[in-house]
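# show me the folded form of this:
(one chain, ligands or ions: 1)
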Amino acid sequence: MNSRDKITLEWSVAERALPGESLSGDSHLVTETTSGWLLTVVDGLGHGPDAARAAKTFIETATRHTNKTGVELLRLCHTALKNTRGCVGAVVTVDSSRKLLSWLGVGNVEGIVLHAQNDNPASEYITTRGGIVGYRLPDLQPSFVQLANDDTLILATDGIQNGFCQTLSKDRTPDLLAAHILDYYAKPNDDALVLVARWHFSAGIRVEE
Ligand SMILES: [Mn+2]
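Residues are numbered from 1 along each chain as shown. Purely as a prediction, here's the structure:
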């Protein structure tokens with residue numbers, strides 16, 4: 001007999017376009033996959049309609065390939081974005097049976113996991129490599145984070161000022177965290193988007209073997 005935890009995802013996004021623009025060049029996707037979840041945040045180069053078109057192409061491509069690895073997905077997006085301005089962004093996949101998060105980033109994008117228990121360590125940061133999806137893809141190496149109950153992932157474009165995670169209360173819901181980060185840390189001169197996701201593991205469903 002073993003037990004299998006049920007895992008649910010609570011998430012929220014807060015975003016706004018550069019003041020004066022009607023379209024944002026930042027975008028996101030959160031979706032369930034056959035093995036867990038895919039979450040991505042992208043930032044089309046510059047701002048306005050051309051940036052929005054690049055981000056939209058990335059998200060449409062990701063939506064058609066939700067069961068690929070992050071590396072495979074970035075390669076597919078790279079090909080799809082050849083005739084656009086290109087994007088920077090982060091791709092996160094979660095394997096719910098192993099409670100394992102895999103992530104990688106291209107260009108200027110922020111990713112943090114805040115562990116609910118402060119031991120092992122309190123937070124972990126995404127490794128990003130310089131490049132532009134659609135123009136120049138760097139060597140793609142995912143790294144991994146072991147998730148525990150109530151761990152929180154935050155993904156933010158560079159329209160959110162660095163250092164936003166210094167003042168966060170992990171007791172807040174993803175809704176409140178996303179709204180707080182956008183309110184206090186959105187830069188006045190860029191599109192801004194922040195995605196907050198938290199995994200809840202509810203105690204084991206017993207499985208007969
Ligand atoms: Mn930006």
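# residue 72 and residue 66 touch, don't they?
No. Using Cβ atoms under 8 Å, residue 72 is not in contact with residue 66; the gap is 11.1 Å. (Each C-beta comes from the backbone N, C-alpha and C, glycine too.)
# higher neighbour count, those two?
residue 66 (16 against 13; other Cβ atoms under 10 Å).
# near the ion, which residues of the chain? Just list them.
Counting by Cβ under 5 Å from the ion, the residues of the chain close to the ion are 43, 158, 159, 190.
# can you put the residues you listed in a markdown table and add neighbour count, secondary structure and distance to residue 112?
Shown next, in a markdown table, are the residues of the chain next to the ion (neighbours: other Cβ atoms under 10 Å; DSSP: H, G, I helix; E, B strand; the rest coil; distance: Cβ to Cβ, whole Å):
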| residue | neighbour count | secondary structure | distance to residue 112 |
| --- | --- | --- | --- |
| 43 | 31 | strand | 16 |
| 158 | 18 | coil | 14 |
| 159 | 25 | coil | 16 |
| 190 | 20 | coil | 19 |
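# and of the residues you listed, the nearest to residue 18?
residue 190 (5.9 Å; Cβ to Cβ).
# list the beta-bridge partners for the nearest residue to residue 126 once chain neighbours are set aside.
Among residues not flanking residue 126 along the chain, residue 111 sits closest, at 3.1 Å (Cβ to Cβ, 6 or more residues apart in numbering). Going by DSSP bridges, residue 111 is paired in beta bridges with residue 155.
# mind listing what's buried along the longest helix anywhere in the chain?
Ranked by residue count and defined by DSSP state H, the top helix of the chain is helix 49-64. With burial defined by 16 or more other Cβ atoms under 10 Å, the residues of helix 49-64 counted as buried are 51, 52, 53, 54, 55, 56, 57, 58, 59, 61, 62.
# tell me the one among these nearest to residue 165.
residue 55 (23.5 Å).
# so that closest one touches residue 41, yeah?
No. The criterion here is Cβ under 8 Å, and residue 55 misses it with residue 41 at 9.6 Å.
# need the overlap of contacts for these two.
When Cβ atoms under 8 Å, 6 or more residues apart in numbering defines a contact, the residues bordering residue 55 and residue 41 alike are 26, 27.
# output the below-cut-off pLDDT ranges for this protein.
In the predicted model of the chain, residues 1-4, 119-120, 204-209 satisfy pLDDT under 70.
# what ranges does the chain have for its helices?
Secondary structure of the chain by DSSP H: the helices cover 49-64, 70-80, 174-185.
# I'd say residue 70 and residue 104 touch.
Yes. Counting by Cβ under 8 Å, residue 70 does reach residue 104; the two are 5.2 Å apart.
# who's more crowded, the two?
Per other Cβ under 10 Å, whichever of residue 70 and residue 104 has more neighbours is residue 104, with 24 against 19.
# for that one, give me its contacts.
Taking Cβ under 8 Å, 6+ apart, one finds 70-71, 74, 90-91, 126-129, 140-143 in contact with residue 104.
# buried set for stretch 26-41?
Using 16+ other Cβ under 10 Å as the test for burial, stretch 26-41 gives 26, 27, 28, 29, 30, 36, 37, 38, 39, 40, 41.
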